[in-house]
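[1] give the three-dimensional model of this entry:
(2 chains)
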Protein chains: 2
Amino acid sequence: VYTGAVEAQRLSTALYNRRAMHDLGADPTTLGVVGGGQLGRMLAEAAAPLGVEVVVLDPTPDPPAAPVARDAMTADFDDADAVAALAERADALTFEIELADPDALERAAEEAGIPVQPSPDTLRVIGDKLVQKRHFADAGVPVPEFRPVDDADDLAAAVEELGPVMLKARSGGYDGRGNVPVEPGDDYREKLRAIGDRPAMAERFVEFDRELAVVGAVGADGQATFPVTETVHREEILRATGAPARTGDFVRERAREVAGDVLDALSGRGVFGVELFETGDGEVLLNEVAPRPHNSGHWTIEGATTSQFEQHVRAVLGAPLGDPGSRDPTVTVNVLGTGRGSRQADLDGASEVLATAGAHLHWYGKREVRPLRKMGHVTCTSIDGEGVEALLHRGRTLVDGLSFAPE
Amino acid sequence: VYTGAVEAQRLSTALYNRRAMHDLGADPTTLGVVGGGQLGRMLAEAAAPLGVEVVVLDPTPDPPAAPVARDAMTADFDDADAVAALAERADALTFEIELADPDALERAAEEAGIPVQPSPDTLRVIGDKLVQKRHFADAGVPVPEFRPVDDADDLAAAVEELGPVMLKARSGGYDGRGNVPVEPGDDYREKLRAIGDRPAMAERFVEFDRELAVVGAVGADGQATFPVTETVHREEILRATGAPARTGDFVRERAREVAGDVLDALSGRGVFGVELFETGDGEVLLNEVAPRPHNSGHWTIEGATTSQFEQHVRAVLGAPLGDPGSRDPTVTVNVLGTGRGSRQADLDGASEVLATAGAHLHWYGKREVRPLRKMGHVTCTSIDGEGVEALLHRGRTLVDGLSFAPE
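    Predicted coordinates for the structure are as follows:
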């Protein structure tokens, strides 16, 4: 049994609040979730064994979570009436996308007399990348230097001071949308146009050795963090993860410390994805925080004693957190959309994934494929003592063997 | 990593048919399932990551599977029109209860032009315990001696010949319903009344050392059997399982052989639960076969590389079977209804289960509790090298700590 001893902070049962925070019975507990994408789908898959039903709200009719949710409501994320109607049916509210509207959530939860977790304040802080960075810097979390950018002059000044930067729209972007790298001498006006001429921030471009992520939960009675994971991005999109991260114990310990400080600086319960940079000199810097289960934690479904999705359900409902220890070395490789336009998502090659021992297919059920759209992921767990290196090779080979039919 | 090397028959990928038997894409694959109880619920939980949607048919409105199914149709199992309507919506038909009607399934599948798996013939054979026993005896599978019993004279003759017997109604019983033990000198008429004066069979009462079970799958290109599991019954109801079974290698090997012979004697694809007796002299005898995922295989959700539910989905759809190897020693303990009458199912004590590392709660979402009704189960996986003995102790302690509120 690989227990991930270094990384896994196993919570003592004594820490837990033993009161029945999670009641099972004739009236099932219903979790209202703003967002019904793949995170909502995996949340619903994980909630069912706990006797928890999920109702999602999403602007897309029949979103990925619908087939496994009790119900899927179709409405915009900021439709206050719809969020209120969701709250009326739920015992607790949460969200699986940063585009959720903190005001609508707050009001709906208050009117229905139910909790919303994580706190809408956390969503407000995280939803604005400049506010987020200031918030964590003020809390003593190490972050790359950054500057607010409202126009081309601001951007020019930032590049002069910091050198190459990552220009990030303050809000509305995820999966790298709204991020562009900027170097001295670039056309700053054009770069700003590329992110939609929105209020932005510039962050010193970090020359990292490795990107790391720590998915952590804040529960009613403490924190539990999953083992430190390495992440591989290309074109600002997460491609693959490996746990345990192939780095030194010192860096792992430091990553856990930084993640712990991040969790301390957040309000409300839930699972958070903490994205980190490991620099050449072994420093660990915060990149960004996601106030929800995170792509870097998908490996926990098969690879950890408790999955990040079950952990989120537990945290939001105030139930005891589950053990975050690793079971076996595990990697995930994302299945991303290919080609040019939007078209029917007909996948070829899944049989090879299904036929590979220790490989697990997660297909999100999206009907249309678009370039770089997250369509699913493949998890490979170690079944014969393989390490992350071999598993990443296996996972990539399997995903390379998948293809989408052309138009 | 505990791989269950002795028990797990790991299938070579070379065995698999590489054609795209499982298509993912714009049109999701839908599995129509007759029966919407906890097996249907766990089937739907396992189907979702594969991109497979589940529609169930059950006479109970809002049955356990409903919250995670795409839809739940309310109709009797033998309602031919309803089964036909289910087939019209599905890409394949299966069932999670022996009470499914083989004729209705056969006709509906034929009319809709879709497969039904396992074959309705298998359901016909297994649905009648006398036919079942004859079928397997004829195939060379070792079974306890048995006699048909149509009246008290038959029963008297059977007891005279065989000694103590288990009297079993030929059809309509499961979870031990319709089974009563009979000893010489008992009132035979009364015993027959106890099983509803139905056509029956009498089987020599086996003095077993241990009950074993092997869950096996028959796929498009071969068999895959999960590690041999020990099962503990009381009052004819399964209480607990442990894998690997605490028995000798010779018995385990023999149990796998017998299970393989059973699978060979069945027609159609799917997962089957093969219940076995281990006698004092190390002999292995077939008790009964369930043509569906089985309570003795619930441990595979956390304990095996592939769960029996995912395996059933794969088998029925003709996709490659998954690796059946064990990940870690694992036990399950059933949460059974207590008290006298039927009442609202308000469970107390779940927090302790949630707070225990390596313990997993599976709550089936049944609104009413009745004596001995299967309400859920608790799985304990080894996280620090514990064996089945210690895990069974942990699981039983946790389940003993659960209680249902009185009326």
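
[2] can you list the residues that contact stretch A:227-234?
    For stretch A:227-234, the surrounding residues in contact (Cβ atoms under 8 Å, 6 or more residues apart in numbering or on different chains) are A:4, A:6-8, A:176, A:210-215, A:238-247, A:252, A:255-256, A:275, A:296-297, A:299, A:304, A:324-326, A:388. C-beta here means a position set from N, CA and C on the backbone, and glycine is covered the same way.

[3] what's the span of stretch A:216-235 from first residue to last?
    Its start and end residues considered, stretch A:216-235 measures 25 Å (Cα to Cα, to the nearest Å).

[4] oh, I was asking about stretch A:239-258
    Terminal residues of stretch A:239-258 are spaced 23 Å apart (Cα to Cα).

[5] next: stretch A:369-387.
    Start-to-end span of stretch A:369-387 (Cα to Cα) is 32 Å.

[6] kindly report the same for stretch A:145-157.
    For stretch A:145-157, the first-to-last residue distance is 13 Å (Cα to Cα).

[7] kindly report the same for stretch A:172-184.
    End-to-end distance for stretch A:172-184, by Cα to Cα: 26 Å.

[8] please apply the same query to stretch A:59-77.
    Counting by Cα to Cα, you get 7 Å between the two ends of stretch A:59-77.

[9] what residues does stretch A:57-66 touch?
    For stretch A:57-66, using Cβ under 8 Å, 6+ apart, the contacting residues are A:32-38, A:40-41, A:43-44, A:54, A:56, A:72-77, A:82-83, A:86, A:364-366, B:70.

[10] averaged pLDDT, that stretch. What do you get?
    The average of the pLDDT scores along stretch A:57-66 is 97.

[11] please name the residues that touch A:His360.
    Shown in contact with A:His360 (Cβ under 8 Å, 6+ apart): A:Ile301, A:Glu302, A:Val378, A:Thr379, A:Cys380, A:Thr381, B:Pro49.

[12] most centrally placed residue in chain A?
    Centroid-nearest residue in chain A, with Cα atoms, centre = their mean: A:His294, separated by 1.8 Å.

[13] how near is that residue to A:Thr330?
    In this structure, A:His294 and A:Thr330 are 15 Å apart, going by Cβ to Cβ, to the nearest Å.

[14] one step back: out of the contacts of stretch A:57-66, which end up buried?
    Listed as buried from the contacts of stretch A:57-66 are A:32-38, A:40-41, A:43-44, A:54, A:56, A:72-75, A:77, A:82-83, A:86, A:364-366, B:70; burial here means 16 or more other Cβ atoms under 10 Å in any protein chain shown.

[15] count of neighbours near the residue in the stretch 101-250 of chain A positioned nearest to chain B?
    In the stretch 101-250 of chain A, no residue comes nearer to chain B than A:Asp221, which is 9.5 Å away by Cβ to the nearest Cβ. Using other Cβ atoms under 10 Å in any protein chain shown, A:Asp221 has 17 neighbouring residues.

[16] that one contacts A:Pro320, correct?
    Yes: using Cβ atoms under 8 Å, A:Asp221 is in contact with A:Pro320, at 7.4 Å.

[17] ok so, going back, just the ones of the contacts of stretch A:57-66 in strands?
    Applying DSSP state E to the contacts of stretch A:57-66, the entries found in strands are A:Gly32, A:Val33, A:Val34, A:Val54, A:Val56, A:Ala72, A:Met73, A:Thr74.

[18] check the second one and give its pLDDT.
    Going back to what we said before, that points to A:Val33. 98.

[19] show me what it is bridged to.
    For A:Val33, the beta-bridge partners under DSSP bridges are A:Val56, A:Thr94.

[20] and A:Gly25, what's its pLDDT?
    Per-residue confidence (pLDDT) for A:Gly25: 70.

[21] B:Ala345 versus that one, what's the distance?
    A:Gly25 is 5 Å from B:Ala345, where distance means Cβ to Cβ.

[22] who has more neighbours out of these two?
    Higher neighbour count among A:Gly25 and B:Ala345: B:Ala345, with 24 against 21, using other Cβ under 10 Å.

[23] that one contacts B:Lys366, correct?
    Yes: using Cβ under 8 Å, B:Ala345 is in contact with B:Lys366, at 5.8 Å.

[24] got any residues that touch both of the two?
    Residues touching both B:Ala345 and B:Lys366 (Cβ under 8 Å, 6+ apart) are B:Met375.
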